[in-house]
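A.B. asks: below are the sequence and a predicted model; questions follow.
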Amino acid sequence: MGKINDMRAQRARTWEQAKAFLDAKRNGKGILSAEDTAAYEKMESEIVDLGHEIERQERAEAFERELNAQVGTPITSRPETAQKGGKKTGRASDEYRKAFWNQLRRRENTPDLHNALQVGTDTEGGYLVPDEFERTLVEALAEENIFRSIAHIIHTSSGDRKIPVSASKGEAAWIDEEGAYPESDDAFGQVTIGAYKLGTIIKVSEELINDSVFDIESYIAREFARRIGAKEEAAFFTGDGSGKPLGILAATGGAQVGVNAASATAMSCDEVIDLFHSLRSSYRKNAVWLTNDSTIKAIRKLKDGNGQYIWQPSLTAGNPDTLLNRPVKTSAYMPEIASTAKTLVFGDFSYYWIADRQGRTFKRLGELFAPTGQVGFLGSQRVDGRLILGEAVKVLQQKA
């Protein structure tokens, strides 16, 4: 911005000089000599060139902001802009959105369309999803994926994200008079989050694509969410960190075992209570239970020492069921009760970080499925997930 301001100041000075030159060099009839005309045109050319350079610098800065901004920022950060009629730019613009969907439908193939899509072109020839559609995808993923509603989500642009973690805390100690102060240092570790590629091909018949009644945007959003959400959630639970995120149930780097059940086929009320208290109180205030729906059937039957059921159903729409007064969420990707299975998880899942690499991309595969009268849409995203602090989540493991 400083360089642009300097050029603006220089252009203003040049213009003042040009005006003064005109006033001084015009003859009685207001005409410049050939020599003075050449001198003036040189100053005028400098003013025009500075103006063009300022425009180029402003466009470059706008592109830089667009590329560095989180996807969806114009929608989520400044919703009032759309309400007040503010003009959207970049991938949030109406022009880009229209061009994106026309490109997928192949309704147009004009220079204007490709010019509009330039702001979203990636290095592999795909187009970044428009901001509004990106927001639809994220919302749809959250509905399909339990983890996205409770985990901490960050956005990365490139490279690995290195997260410093305090592994242990130093301690104070009582000291005798004139005694030496004990040395006690904090220990720090580091967790790295990268990005793994997850993709799918959605096939749509040519008839549906060309049918203006068919809402291709909604269909792709729903189908992409269903497929990607299922694979994501499975990895966030059981992923081994090899080509996919490291799951919460991983033996190394996953949640800590808080309770070992006495049975391979059942759990007791005392074991559930022990799991609750195995988590430090500072984490319990934001903690959530996660388990399989079939395990809930067993937990519903458990009573405490006073004969009260420890599982309580929700009485208000929108509020989850509770177990020992903490919310319960279920997922088909949690293991059912079986030998050595980790069947019940309790913890603060904000310490599980999901890293979304900026920009989900779509590509149209126009020829691959042409013999069957279909068009493919290849959707992909890059994502990673990892538990940052092991002590923030505890699991109950069935007996071997």
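C.D. replies: Good, I have the coordinates. Numbering: from 1, shown residues only.
A.B. asks: now Gly51: closest residue in space, sequence neighbours ignored.
C.D. replies: Nearest residue to Gly51 in three dimensions, chain neighbours excluded: Arg11, at 6.4 Å (C-beta to C-beta, 6 or more residues apart in numbering). The C-beta positions use only the backbone N, C-alpha and C, and glycine is treated the same way.
A.B. asks: does that neighbour sit in a helix, a strand or a coil?
C.D. replies: helix (DSSP: H, G, I helix; E, B strand; the rest coil).
A.B. asks: tell me the contacts of it?
C.D. replies: Listed by C-beta atoms under 8 Å, 6 or more residues apart in numbering, the contact set of Arg11 reads 47, 50-51, 54.
A.B. asks: do Glu232 as well
C.D. replies: Contacts of Glu232 by C-beta under 8 Å, 6+ apart are 141, 145, 147-148, 198, 245, 383, 385.
A.B. asks: quick one: secondary structure of it?
C.D. replies: For Glu232, the assignment made with three-state DSSP gives helix.
A.B. asks: ok, Phe224 next?
C.D. replies: Phe224 carries the three-state label helix when classified by three-state DSSP.
A.B. asks: OK, contacts around Ser339?
C.D. replies: Contacts of Ser339 (C-beta under 8 Å, 6+ apart): 264-265, 398-400.
A.B. asks: distance of it relative to Gln256?
C.D. replies: Relative to Gln256, Ser339 is positioned 20 Å away (C-beta to C-beta, to the nearest Å).
A.B. asks: same question, Ile216
C.D. replies: Going from Ile216 to Gln256 by C-beta to C-beta gives 46 Å.
A.B. asks: same check, this time on Asn5
C.D. replies: Counting by C-beta to C-beta, the gap from Asn5 to Gln256 is 55 Å.
A.B. asks: now Val191
C.D. replies: Distance from Val191 to Gln256, by C-beta to C-beta: 15 Å.
A.B. asks: helices of the stretch 101-250 of the chain, residue ranges please.
C.D. replies: If DSSP state H, counting those that start in this stretch is used as the criterion, the helices of the stretch 101-250 of the chain fall at 111-117, 131-144, 146-150, 206-210, 216-238.
A.B. asks: so how far is the longest one off the chain centroid?
C.D. replies: Here helix 216-238 is found 14 Å from its chain centre; the criterion is C-alpha atoms, centre = their mean, to the nearest Å.
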